[in-house]
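Engineer: give me a model of this one.
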Amino acid sequence: MKRTILITLIVAIVLVNLSAWLVEYFIGTRIGLAFRIPLIIGIVFIATIFSGAAALINHADTERPNNENEDA
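Structural biologist: Numbers count the residues shown, from 1 in each chain. You can find the predicted model right below:
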């Protein structure tokens, strides 16, 4: 999971800065760091939630029920 978050962080930094540069180059509007940094953090936070959910689902698939305590 740590590797997924690190890859997401690197990709988010590259894509957000590339998008900001393209907007500035073609449109002429500068996107400041005050907007870029929260955008990067938001992308990483969302990726953390989804990768954590995927890890929980994968762990739930490997669990076996414990039927020893049932009185039939």
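
Engineer: remind me, longest helix of the chain?
Structural biologist: helix 33-62 (DSSP state H).

Engineer: please name every helix or strand in contact with that one.
Structural biologist: helix 2-26 (3 or more Cβ pairs under 8 Å, 6 or more residues apart in numbering; DSSP states H and E). (Glycine included, C-beta is placed from N, CA and C.)

Engineer: list the buried ones in the lowest-mean-pLDDT helix or strand in the chain?
Structural biologist: One helix or strand of the chain scores below all others by mean pLDDT, DSSP states H and E: helix 33-62, with a mean of 91. Neighbour counts over helix 33-62 (16 or more other Cβ atoms under 10 Å) mark 36, 40, 43, 44, 47, 51 as buried.

Engineer: is it true that the third one touches residue 13?
Structural biologist: Think residue 43. No. Contact between residue 43 and residue 13 fails when scored by Cβ atoms under 8 Å: they sit 9.3 Å apart.

Engineer: make TSV out of the buried residues of helix 33-62 and add distance to residue 63.
Structural biologist: What follows is the buried residues of helix 33-62, written out as TSV (distance: Cβ to Cβ, whole Å):
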residue	distance to residue 63
36	41
40	35
43	31
44	29
47	25
51	19
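
Engineer: which one of these is nearest to residue 1?
Structural biologist: residue 51 (5.3 Å; Cβ to Cβ).

Engineer: ok, that closest one touching residue 7?
Structural biologist: No. Contact criterion Cβ under 8 Å: residue 51 and residue 7 do not qualify, at 10.1 Å.

Engineer: how about the residue sitting nearest the centre point of the chain, what does it touch?
Structural biologist: Closest residue to the average C-alpha location of the chain: residue 47 at 1.3 Å, with Cα atoms, centre = their mean. By Cβ atoms under 8 Å, 6 or more residues apart in numbering, the contact list for residue 47 reads 4, 5, 8, 12.

Engineer: tell me the contacts of residue 48?
Structural biologist: 5, 8.

Engineer: next one: residue 20
Structural biologist: So residue 20 contacts 31, 36 (Cβ under 8 Å, 6+ apart).

Engineer: apply 10 Å and report the result again.
Structural biologist: Going by Cβ atoms under 10 Å, 6 or more residues apart in numbering, residue 20 touches 29, 30, 31, 32, 33, 35, 36, 39.

Engineer: no further questions, thank you.
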